[in-house]
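# Everything below, folded, please.
(one chain, ligands or ions: 1)
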Amino acid sequence: MVRVSAPPALAVRDLTVRFAGLTALDGVGFTVEPGTIHAVIGPNGAGKSTCFNVLSGVYRATSGSVRLGERELTRATPHAIASLGVARTFQNIALSAHASVADTLMLGRHRLTRAGFLSTGLRLPSAGREHARHWARVREVAAFLGLERHLGAPAGLLPYGVQKLVELGRALCMEPEVLLLDEPIAGMTPAERRNTAELIASVRDSLGLSVLLVEHDMAVVMRLADTVTVLDFGRKIAEGTPALVQNDPEVVRAYLGEPQPDSEPEGRPAGRESTP
Ligand SMILES: Nc1ncnc2c1ncn2[C@@H]1O[C@H](COP(=O)(O)OP(=O)(O)OP(=O)(O)O)[C@@H](O)[C@H]1O
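Okay, the predicted model is just below:
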């Protein structure tokens with residue numbers, strides 16, 4: 001697949017989100033540096049999903065800002081944010097049992113489709129050429145993710161781990177500069193986890209995209225992330241390299257807990273309420 005030129009930095013500044021008396025995010029700031037994997041971790045209720053939902057336009061920030069380079073994303077709609085170069089995957093996927101994997105990936109191409117319904121409907125040559133270009137890209141993305149043999153299969157009937165890759169493929173088909181991945185390996189088998197973690201590393205290393213990752217599997221976070229931001233009760237309590245945050249007493253207290261190798265087969269933290 002084609003490597004993009006360095007994406008702009010994604011700058012989150014002083015982000016606050018309040019829900020009727022509850023402060024879900026309290027003045028949080030961080031920068032996703034171009035071409036890096038940046039993880040946001042923390043216990044249940046820390047504000048990770050809220051942060052993702054603001055970044056992708058699902059929630060409105062009470063105050064603060066989000067910018068991708070010079071582009072203002074604060075309070076933009078999900079559609080506008082996708083057009084500005086930020087694509088996301090969802091924690092709970094709902095792929096259609098009626099659409100094939102190819103159709104699902106093609107959905108990701110829609111915002112890039114120039115030929116209108118009329119020229120497509122009239123089967124004009126220009127629309128045909130554009131369609132062929134999009135299909136070529138869909139096949140390229142499928143090959144990158146190892147999904148080629150599933151292209152004709154109904155997406156919603158595939159094993160869960162494969163569906164999550166289809167979801168990742170749909171986001172990649174949007175040609176984003178930044179990918180927001182919400183628990184991309186949750187619910188996968190150990191082999192699927194390893195494979196997906198390698199693919200996420202390739203998204204950074206081969207495609208050159210920036211990745212913002214929310215994930216509870218600490219072994220994977222620590223292996224993949226260049227930078228980790230730790231949230232607790234809506235506040236940023238630590239930030240730095242995996243090695244740095246792993247040894248931060250505040251992070252150990254709030255989330256990671258003391259190492260308990262016997263009870264941590266999947267690398268989930270021992271800290272409070274680390275449920276799926
Ligand atoms: N739409 C909403 N309305 C009211 N409160 C909300 C809403 N969304 C989130 N919250 C609250 O905001 C706080 C942060 O929740 P959030 O889902 O962002 O945490 P999280 O870190 O993603 O947790 P988890 O690891 O369980 O996904 C929680 O107290 C939650 O109940």
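# got any ranges where the stretch 101-250 of the chain has weak pLDDT?
Low-confidence segments of the stretch 101-250 of the chain, defined by pLDDT under 70, span residues 111-127.
# make it 80
Across the stretch 101-250 of the chain, the stretches falling below the confidence threshold (pLDDT under 80) are 110-131.
# where do the helices sit along it?
When assigned using DSSP state H, counting those that start in this stretch, the helices of the stretch 101-250 of the chain occupy the ranges 101-107, 117-121, 125-145, 160-172, 190-205, 218-224, 242-246, 249-251.
# So which other helices or strands are in contact with the longest one?
Here helix 125-145 touches helix 101-107, helix 117-121, helix 160-172, helix 190-205, going by 3 or more C-beta pairs under 8 Å, 6 or more residues apart in numbering; DSSP states H and E. C-beta here means a position set from N, CA and C on the backbone, and glycine is covered the same way.
# Enumerate the residues of this structure near the ligand.
The interface of the chain toward the ligand, taken as C-beta under 6 Å from any ligand atom, is made up of Phe19, Leu22, Ala24, Gly42, Asn44, Gly45, Ala46, Gly47, Lys48, Ser49, Thr50.
# Can you lay out the helices of the stretch 101-250 of the chain as CSV showing mean neighbour count?
Written out in CSV, the entries for the helices of the stretch 101-250 of the chain read as follows (neighbours: other C-beta atoms under 10 Å):
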stretch, mean neighbour count
helix 101-107, 21
helix 117-121, 12
helix 125-145, 16
helix 160-172, 22
helix 190-205, 16
helix 218-224, 19
helix 242-246, 17
helix 249-251, 15
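# Neighbour count says what about the residues of the chain next to the ligand? Which are buried?
Among the residues of the chain next to the ligand, those scoring as buried are Ala24, Gly42, Gly45, Ala46, Gly47, Lys48, Ser49, Thr50 (criterion: 16 or more other C-beta atoms under 10 Å).
# what's the closest of the residues you listed to Val32?
Among these, Lys48 lies closest to Val32 (C-beta to C-beta), at 14.2 Å.
# what's the neighbour count on the residue nearest to that closest one when sequence neighbours are not counted?
Setting aside the residues directly before and after it, Lys48 is nearest to Val214 in space (C-beta to C-beta, 6 or more residues apart in numbering), at 4.6 Å. With neighbours defined by other C-beta atoms under 10 Å, the count for Val214 comes to 22.
# from what I can see Val214 touches Ile37, true?
No. Val214 is not in contact with Ile37 according to C-beta atoms under 8 Å; the separation is 11.8 Å.
# Only the buried residues of stretch 79-95, if you could.
Neighbour-count burial for stretch 79-95 [16+ other C-beta under 10 Å]: Ile81, Ala82, Leu84, Gly85, Val86, Ala87, Arg88, Thr89, Phe90, Gln91, Ile93, Leu95.
# go on, stretch 150-163?
In terms of neighbour count (16+ other C-beta under 10 Å), stretch 150-163 has its buried residues at His150, Leu151, Pro154, Ala155, Gly156, Leu158, Gly161, Val162, Gln163.
# close enough to count as contact, the last one and Gly156?
Yes. Using C-beta under 8 Å, Gln163 and Gly156 qualify as a contacting pair, with a distance of 7.2 Å.
# joint contacts of the two?
With contacts taken as C-beta atoms under 8 Å, 6 or more residues apart in numbering, the residues that reach both Gln163 and Gly156 are Leu95.
# where do the strands sit along the stretch 1-150 of the chain?
Counting by DSSP state E, counting those that start in this stretch, the segments of the stretch 1-150 of the chain that form strands are 10-19, 22-32, 37-41, 63-68, 71-72, 86-88.
# Endpoint to endpoint, stretch 183-191 covers what distance?
The first and last residues of stretch 183-191 sit 16 Å apart, counting by C-alpha to C-alpha, to the nearest Å.
# List the contacts of that stretch.
So stretch 183-191 is in contact with 89, 91, 160-161, 164, 168, 192-193, 196-197, 200, 213-217, 220, 266, 276, going by C-beta under 8 Å, 6+ apart.
# again, but for stretch 229-242
Contacts with stretch 229-242, where a contact means C-beta under 8 Å, 6+ apart, come from 17, 23-30, 38-43, 45-48, 50-51, 221-223, 225-228, 244-245, 248, 250-251, 254-255.
# What of stretch 162-172?
The contact list for stretch 162-172, computed with C-beta under 8 Å, 6+ apart, reads 87-90, 93, 95, 101, 104-105, 107-108, 141-142, 144-147, 150, 155-156, 158, 179, 181, 184-185, 187-188, 192, 196, 199, 203, 207.
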